[in-house]
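K.L.:
whatever this is, show me its structure:
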Amino acid sequence: MKRKQYDLNFKKMVVAQGKEIGNMNWIQKWFSGGLKN
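P.N.:
Have a look, this model is predicted:
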């Protein structure tokens, strides 16, 4: 049970970090003009 809770918290953390990194990548692509297509 404790293992499952740990996995859940870990996934939440990874998703949160992934969103931050994804947003940064999106902004970089936007400014470099990589989203024209």
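
K.L.:
so which residue is smack in the middle of the chain?
P.N.:
Nearest residue to the geometric centre of the chain (Cα atoms, centre = their mean): residue 18, 1.4 Å.

K.L.:
which strand or helix spans residue 12?
P.N.:
helix 2-32 (DSSP states H and E).

K.L.:
please name the residues that touch the residue nearest to the centre of the chain.
P.N.:
With Cβ atoms under 8 Å, 6 or more residues apart in numbering as the criterion, no residue contacts residue 18. Glycine gets a C-beta too; all of them are placed from N, C-alpha and C.

K.L.:
residue 14 and residue 7, how far apart?
P.N.:
10 Å (Cβ to Cβ, to the nearest Å).

K.L.:
what's the answer for residue 29, then?
P.N.:
From residue 29 over to residue 7 (counting by Cβ to Cβ), the distance is 31 Å.

K.L.:
and for residue 20?
P.N.:
In terms of Cβ to Cβ, residue 20 sits 21 Å off from residue 7.

K.L.:
cool, and residue 30?
P.N.:
Relative to residue 7, and taking Cβ to Cβ, residue 30 is found at 34 Å.

K.L.:
do residue 23 as well
P.N.:
In terms of Cβ to Cβ, residue 23 sits 25 Å off from residue 7.

K.L.:
repeat that for residue 27.
P.N.:
31 Å.

K.L.:
just residue 24 next, same as before
P.N.:
Distance from residue 24 to residue 7, by Cβ to Cβ: 26 Å.

K.L.:
please apply the same query to residue 16.
P.N.:
15 Å.

K.L.:
cool, and residue 15?
P.N.:
Taken as Cβ to Cβ, the span from residue 15 to residue 7 is 12 Å.

K.L.:
what does residue 25 give?
P.N.:
Counting by Cβ to Cβ, the gap from residue 25 to residue 7 is 26 Å.

K.L.:
over to residue 32?
P.N.:
36 Å.

K.L.:
do the same with residue 13
P.N.:
11 Å.
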